[in-house]
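*Asks:* For reference, the sequence and a predicted model appear below.
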Amino acid sequence: MPQSRTPAPPTPDRPRVVANVVRGCLGNLVEWYDWFAYATFSIYFASVFFPEGDRTAQLLSTAVVFAVGFFMRPLGGWLLGAYADRFGRRRALTLSVTLMSAGSLTIALAPGHDVIGLWAPALLVLARLAQGLSVGGEFGSSASYLSEVAPAGRRGFYSSFQYVSIVMGQLAALLVAIVLQHLLTEEQLHGWGWRVPFLIGAVAGLVVMYLRRSMEESEHFRKEQARTAGGLPESSGTPERKGLVALFAEYPRQLLAVFGLAIGGTVAFYTYTTYLQKYLVNTAGIAKPTVTLIGFAALFVYMLMQPAVGALSDRIGRRPVMFAFSGGCMLLTVPLMTLLGRTSSPWIAFLLMTVALTFVTGYSALAAIIKAEMFPTKVRALGVGLPHALVTATFGGLTEPIALALKDGGRETLFFWYVTGCVGLTFLATLLVREPSRTSHLDTPEAPAAAPRPSKTAPLA
C-alpha cells in the first residue's frame, strides 16, 4: 500500500507571517548589537575591569574575554539547537535573547576592579559566556523558525531577513558609538559613558523577550510534537533516533554540506564586513573616520540587498545564487582586495566594497534557508546551528588574526588566496545541495542515510 502523506500545513496569512518574522528577527538585531557593542566599546572599559598598568595589556585582556565568548558559540549551537528541536523554536528564541540581555545588564552594572577586585573581570567573563551561548544558539533556532513560518514560494525572501537584522545590529552599535563620541567627552566615555550601550542592549533585550513570548510557534514544530507525543511508529519498526545521534547517523551528507557552505560564506562575511575596515586603514592608508563612513554606507546597502536576493532564490533556486556567490568571489577576491589596498579614494573604496558585498549577499541571504531545507523538523535547529557555530568560532574567529599575521609577515596577498580557497569549499559544498521544490510548504528533506529516499514532493513530517 502507498504510504499516507501528512497534509501540508495551511498557508498562513501575510500579516501573521510578517509579525512572526519581525519578532523572530528582532532578537538577531539585539544580540548582534550587543555582540558588536562589546568590541566597539572595549577600548573605554578595559581599564575598569583590569588592574592599572600597560594599556595594551588591558586591551589584550578584553580581547581574550571577547574570544572566550566567541568559542562558546558551538556549545550554544548544540544546547539551544537541541532545546529548540525538543521544546520549540519560540521557547529557544526567548531563552536566547534572555541570556544576551542578562549578559549586557551584567556588564552595564558590574563594579570595577577598584571596587570588587578580581570579581570584576570574573563578572565580565560570566557575561560573555552567557552572550556566547546566546549568539551560538540564535542562528539555528532563528533559521528554523523563519523557514517554517514562511509560506510556500517565499521562504527565501522571508528567511533573508535574518541577515538584515544581523547587519542592522552591527549598524546600530556603530551608530550608538558615533552618537556617544559626539555627545560625551573622552573622560565621560571612560568613566561611565561606555555603560550606556549595554543598558540600551539590556532594555531592548527585555522588550524582545516579551515580544517573543507572544509569537506563534511554527506549525511544523507543532505537528512534529504531536507526532512524537502520539507515538507514531517508524516504518522500519525501530526506535526513532533524535538529537546528535540522529544528526550524525542519518544526515552525514547534509551536515558536511552545511559545514562547507558555512566556511566560505563565514570567511567572506567577516573579511568584507569587519576586517576590510582595518585593511583600508592599515594598507590603503585611508583615515579612520572616513573608513567608518565608508563601512557604514556599504553595510547599509548590503543590508537592503538581502531580501531582493532571497526573493531571487525563490524564483531561480538556491543553487544558482550560491554558485554566483562562490564563483564570483573565487574570481574577484584577489583583484578586489588588491585594488582596495592601492586606492586612496573613498568613493572607489566604497564602490569596491559594495561590489564585494553584493556577491557575499548570495551567501548571507540564503544562509538560513538553504541549510534549513536540508533537515527535517526533529533535527533542523541542531543541524543548522551546531555546524554554523563551529565554523563561526573557528574560521570566523580566525579570519582577522590570519589576515593580520600574514600582513605582519610581509605576505598579505596570501590572505586573498586563503579567502578564495575557503570560498572554493562553498562552491564544492553547493554541489551536494539538492534543490527542493519551491511550490510546497517546506518539503521533506532527503531521507536519512539508512532509509529509502521519499518522494521529492512529500511534505515535511
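*Replies:* Happy to help now that I have it.
*Asks:* Where is the longest helix in this structure?
*Replies:* The helix spanning the most residues in the chain, taking DSSP state H as the definition, is helix 14-49.
*Asks:* That one packs against which elements?
*Replies:* Helices and strands in packing contact with helix 14-49 are listed as helix 55-70, helix 89-109, helix 119-149, helix 161-183, helix 195-213; criterion 3 or more C-beta pairs under 8 Å, 6 or more residues apart in numbering; DSSP states H and E. All C-beta atoms are positioned from the backbone trio N, CA, C, and that covers glycine.
*Asks:* quick one: buried residues of the fourth one?
*Replies:* Same thing as helix 161-183. Residues of helix 161-183 classed as buried under the neighbour-count rule (16 or more other C-beta atoms under 10 Å) are 161-174, 176-177, 180.
*Asks:* Please apply the same query to the second one.
*Replies:* Neighbour counts over helix 89-109 (16+ other C-beta under 10 Å) mark 89-108 as buried.
*Asks:* I'd like the next helix or strand past that helix.
*Replies:* Sequence-wise, the next helix or strand downstream of helix 89-109 (DSSP states H and E) is helix 113-116.
*Asks:* what's the average pLDDT for that next one?
*Replies:* Within the predicted structure, the mean pLDDT of helix 113-116 is 82.
*Asks:* Which neighbouring elements make contact with that helix?
*Replies:* helix 119-149.
*Asks:* Swap in 10 Å and give it another go.
*Replies:* helix 14-49, helix 119-149 (3 or more C-beta pairs under 10 Å, 6 or more residues apart in numbering; DSSP states H and E).
*Asks:* what's the most buried one of those helices?
*Replies:* With neighbours taken as mean count of other C-beta atoms under 10 Å, the helices and strands packed on helix 113-116 reach their highest mean count in helix 119-149, at a mean of 26.
*Asks:* Whatever helix or strand comes next after it: how far from the chain's middle?
*Replies:* For helix 119-149, the succeeding helix or strand toward the C-terminus, using DSSP H and E, is helix 155-159. Its chain's average C-alpha position is 15 Å from that of helix 155-159, according to C-alpha atoms, centre = their mean, to the nearest Å.
*Asks:* Alpha carbons only: can I get helix 155-159 in PDB?
*Replies:* In PDB, the C-alpha atoms belonging to helix 155-159 read as follows (Å, rounded to 0.1, in the frame of the first residue of the first chain):
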ATOM      1  CA  ARG A 155      10.800  31.100   2.100                       C
ATOM      2  CA  GLY A 156      14.000  32.600   0.600                       C
ATOM      3  CA  PHE A 157      12.600  36.100   0.800                       C
ATOM      4  CA  TYR A 158      11.400  35.900   4.500                       C
ATOM      5  CA  SER A 159      14.400  33.900   5.700                       C
END
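*Asks:* For that helix, the averaged confidence score.
*Replies:* Confidence for helix 155-159, expressed as mean pLDDT, is 90.
*Asks:* For it, buried residues please.
*Replies:* So for helix 155-159, counting by 16+ other C-beta under 10 Å, buried means 155-159.
*Asks:* For the residue lying closest to Ala172 once chain neighbours are set aside, give its distance to Pro401.
*Replies:* Spatial nearest neighbour of Ala172, chain neighbours left out: Tyr33 (4.7 Å); criterion: C-beta to C-beta, 6 or more residues apart in numbering. When C-beta to C-beta, to the nearest Å is the yardstick, Tyr33 and Pro401 sit 24 Å from each other.
*Asks:* ditto for Ala268
*Replies:* Relative to Pro401, and taking C-beta to C-beta, Ala268 is found at 17 Å.
*Asks:* okay, these two: which has more neighbours?
*Replies:* Looking at Ala268 and Pro401 with other C-beta atoms under 10 Å, you find the greater number of neighbours at Ala268, namely 27 against 11.
*Asks:* and that one, what does it touch?
*Replies:* Each residue near Ala268 by C-beta atoms under 10 Å, 6 or more residues apart in numbering is listed here: 325-326, 329, 333, 356-357, 359-360, 362-364, 399, 419-420, 422-423, 426.
*Asks:* Right, I'll leave it there.
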